[in-house]
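Participant: For reference, the sequence and a predicted model appear below.
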Amino acid sequence: MGHRRDHEWLETFEGDGADRYAEHARWMGGMHERTARRIAEALPRGGRYVDVGTGPGALPAAIAALRPDAGVTGVDPSERMVELAQARLAVAPVAPVAEPGRVVRGDAAHLPLPDASADVVSAVLTMHHWPDLDGGVAELTRVLAPGGAIVVVEMRGPSRHVARALRRAGLIVVRRNAWVMGLPALVRLTAHRPV
C-alpha cells in the first residue's frame with residue numbers, strides 16, 4: 001500500500017532522538033515559513049490553529065509570530081517533542097486578548113481537543129507515520145470548525161494515500177507542489193468540507 005504501518009518510528013522521536021530531529025529539521029525552515037504564511041492568511045481574526053504531529057514546534061511558533069491574535073495549539077505523541085515545542089512557543093509573541101500557545105501530548109487518532117475547535121488544522125510531514133490514517137483524518141475533520149481548512153504537507157508518495165483518505169472523509173482536496181531547496185519534493189494538500 002505504501003503507507004507505513006509500524007510503530008517503531010516513535011522511538012526515534014523520544015529522548016535524544018527528538019533532540020537530533022529538532023537539530024536536523026532546520027533544513028525545512030523555508031518550507032515551514034511558506035506553509036506558515038499560507039496558514040496565517042487562512043486564519044480568521046482571533047482564529048484557532050492546531051498542528052498535529054508538531055514535533056519541535058517550528059510551525060506553531062511561526063504562526064504565533066505571524067498571527068499573535070490567534071490561538072495556537074500543537075499536538076504530538078512524543079513527550080520530549082512536547083517539551084521542545086512548548087519551550088519554543090513560550091517565547092512566541094501573543095496579543096493581550098489571545099491565549100498563549102500550548103502544546104499537548106496526544107495521538108492523531110485520538111486528539112485531546114473538543115469538536116469544531118480549530119479554524120485551521122495542519123499535519124506537516126507526519127501523516128506517513130500514522131498507523132490509522134483514516135482514523136487520524138476523521139479526528140482532523142472532527143476538530144475542524146465549519147468553514148475551516150486542513151493543510152497537509154507530505155512526501156510525494158504518501159501524499160496520494162493521504163489525499164484518498166481526505167476524499168473518503170468527504171472533503172474536497174486541492175493538491176499543489178511544495179518546494180524544498182528549489183525542488184518540488186513535497187506536496188501540499190488543502191482540504192475543505194463541501195459547501
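Facilitator: Cool, got the structure.
Participant: Only C-alpha atoms from now on, for both contacts and neighbour counts.
Facilitator: Noted.
Participant: Output the longest strand belonging to this protein.
Facilitator: What stands out as the longest strand in the chain, according to DSSP state E, is strand 144-155.
Participant: Parallel or antiparallel, which strands does that one pair with?
Facilitator: strand 118-124 (parallel), strand 183-192 (antiparallel) (DSSP bridges).
Participant: Give me the mean pLDDT for that strand.
Facilitator: Across strand 144-155, the average pLDDT comes to 95.
Participant: which parts of that strand are buried?
Facilitator: For strand 144-155, the neighbour count (16 or more other C-alpha atoms under 10 Å) marks 144, 145, 148, 149, 150, 151, 152, 153, 154, 155 as buried.
Participant: same thing with stretch 45-65?
Facilitator: Buried residues in stretch 45-65 (16+ other C-alpha under 10 Å): 46-65.
Participant: Now intersect those with the strands, please.
Facilitator: Using DSSP E, 48, 49, 50, 51, 52 are the members of the buried residues of stretch 45-65 that sit in strands.
Participant: Let me have those in a markdown table, extended by distance to residue 115.
Facilitator: As requested, these are exported to a markdown table (distance: C-alpha to C-alpha, whole Å):
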| residue | distance to residue 115 |
| --- | --- |
| 48 | 12 |
| 49 | 13 |
| 50 | 12 |
| 51 | 15 |
| 52 | 15 |
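Participant: Dump those to a markdown table, plus pLDDT and distance to residue 81.
Facilitator: Shown next, in a markdown table, are these (pLDDT from 0 to 100; distance: C-alpha to C-alpha, whole Å):
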| residue | pLDDT | distance to residue 81 |
| --- | --- | --- |
| 48 | 96 | 21 |
| 49 | 96 | 18 |
| 50 | 97 | 15 |
| 51 | 97 | 13 |
| 52 | 97 | 12 |
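Participant: What segments of this protein are helices?
Facilitator: 15-24, 29-42, 58-66, 79-90, 133-143, 156-168 (DSSP state H).
Participant: so which of these gets nearest residue 121?
Facilitator: helix 133-143 (6.8 Å; C-alpha to C-alpha).
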